[in-house]
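**Student:** below are the sequence and a predicted model; questions follow.
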Amino acid sequence: MTKNPLWEVFVRPRRGLSHSHVGSLHAADAQLALRNARDLYTRREEGVSIWVVPAADITASSPQEKDAFFDPAADKIYRHPTFYEMPEGAEHI
Amino acid sequence: MSDDVRYLLGLADDALIASHRLSEWSSRAHDLEEDIALSNIALDLLGQARMLFTLAGEREDDGRDEDALAYLRDEREFRNAQLVELPRGDFAVTIARMLFFSAYQAELYERLAAGEDEALAAIAGKAVKEVAYHLDHATQWNIRLGAGTEESHRRAQQAVTDLWPFTFELFEQHPELRQSWLERVDPVLTEATLVRPADEDSRFRPTGGRDGVHTEHLGYLLAEMQHLHRSHPGATW
């Protein structure tokens, strides 16, 4: 029905947190996409900042590449920092 | 009825009728995003109407609450400007009206928010932020329709030409607001490559809404808006 391009929407829920992907929408241009995002994704006080990105500009990994991309990491537990003792009293690590 | 209550009812009726016309777009807008945007704006206006009706009812002190004022008055008792009762038309008409009406509300509410009537100032202070968004929405769309395709320009221009005569009634109670209203509206029309009639060419200036004289469209609107409440008085859900 609509020929408007697709936009991906990222919302920052509050100061100090990162923008997270919340969904997508259609809009004719960036300014309208931003306004549509305000109406669709922040009408219940979900956010303090919005990014919109043209979906066509996002380069995504494909499901076919899943094994090559992600499986090799599965058996390399030494990449996790679990071999270190956590200093007592250190928070947010 | 005191002048104060009559004035509040004018504000409330403007918001209620404008809200109802926007609500008619629910499920009918050109895409889901705009559908929700128009419904959001309709709900903002409905919220303003409810607060204003409640205040008017308290000051009238005759036992009428917001529902009684919204649903149990007849056409001749409604005090809205005729601009807001005109049919929703196509999208260009709705957007042109939103520009004219929200720019007027923005000017008026800014004034009222700084006024001496504390209860009214509180309502206006809350509404002024909502209205700023409505004005932005109307501005964005007017520019895109006016400066868009040949067909969208034709429709947007037709809407401005048709609605312009009805804007004069908005300033009968507040003539001092019209200049600053024009300073909001004219630049948008210019950027949208739309032309509004010059004042000296605008001799048709419909009036009477504040005294209960309306176009033939309001009766049909009220019939649809009020019939449920009148058929089932006091029903809740």
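**Tutor:** Great, that's in hand. Numbers count the residues shown, from 1 in each chain, chains lettered A, B, ... in the order given.
**Student:** get me the contact residues on chain B for chain A.
**Tutor:** B:H30, B:D31, B:L32, B:E33, B:E34, B:I36, B:A37, B:N40, B:D136, B:H137, B:Q140, B:R144 (C-beta under 8 Å from any C-beta of the partner chain). Every residue, glycine included, has its C-beta placed from N, CA and C.
**Student:** dump these to JSON lines, plus neighbour count.
**Tutor:** Shown next, in JSON lines, are these (neighbours: other C-beta atoms under 10 Å in any protein chain shown):
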{"residue": "B:H30", "neighbour count": "12"}
{"residue": "B:D31", "neighbour count": "17"}
{"residue": "B:L32", "neighbour count": "15"}
{"residue": "B:E33", "neighbour count": "23"}
{"residue": "B:E34", "neighbour count": "23"}
{"residue": "B:I36", "neighbour count": "17"}
{"residue": "B:A37", "neighbour count": "25"}
{"residue": "B:N40", "neighbour count": "19"}
{"residue": "B:D136", "neighbour count": "14"}
{"residue": "B:H137", "neighbour count": "23"}
{"residue": "B:Q140", "neighbour count": "18"}
{"residue": "B:R144", "neighbour count": "18"}
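**Student:** now the helices for the chain?
**Tutor:** Here I'm looking at chain A. A:30-41, A:66-70 (DSSP state H).
**Student:** looking at chain B here, not the other one
**Tutor:** Using DSSP H, helices in chain B cover B:3-23, B:32-60, B:66-71, B:91-113, B:118-146, B:150-167, B:178-191, B:217-231.
**Student:** distance to A:H80 and mean pLDDT added to these, as JSON lines?
**Tutor:** Formatted as JSON lines, these follow (distance: least, C-beta to C-beta, whole Å; pLDDT from 0 to 100):
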{"stretch": "helix B:3-23", "distance to A:H80": "55", "mean pLDDT": "98"}
{"stretch": "helix B:32-60", "distance to A:H80": "42", "mean pLDDT": "96"}
{"stretch": "helix B:66-71", "distance to A:H80": "60", "mean pLDDT": "96"}
{"stretch": "helix B:91-113", "distance to A:H80": "55", "mean pLDDT": "98"}
{"stretch": "helix B:118-146", "distance to A:H80": "47", "mean pLDDT": "96"}
{"stretch": "helix B:150-167", "distance to A:H80": "57", "mean pLDDT": "98"}
{"stretch": "helix B:178-191", "distance to A:H80": "56", "mean pLDDT": "98"}
{"stretch": "helix B:217-231", "distance to A:H80": "62", "mean pLDDT": "96"}
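**Student:** tell me the contacts of the closest residue to chain A within chain B?
**Tutor:** Nearest residue of chain B to chain A, counting by C-beta to the nearest C-beta: B:E33, 3.9 Å away. B:E33 makes contact with A:L25, A:H26, A:A27, A:N36, A:D39, A:L40 under the criterion C-beta atoms under 8 Å, 6 or more residues apart in numbering or on different chains.
**Student:** which of the residues you listed come close to chain B?
**Tutor:** Within the contacts of B:E33, those near chain B by C-beta under 8 Å from any C-beta are A:L25, A:H26, A:A27, A:N36, A:D39, A:L40.
**Student:** show me which pair in those is furthest apart.
**Tutor:** Spatial extent of the ones next to chain B among the contacts of B:E33 (C-beta to C-beta) is set by the pair A:H26 and A:D39 at 12.7 Å.
**Student:** what's the closest non-adjacent residue to B:L45?
**Tutor:** B:S19 (3.7 Å; C-beta to C-beta, 6 or more residues apart in numbering or on different chains).
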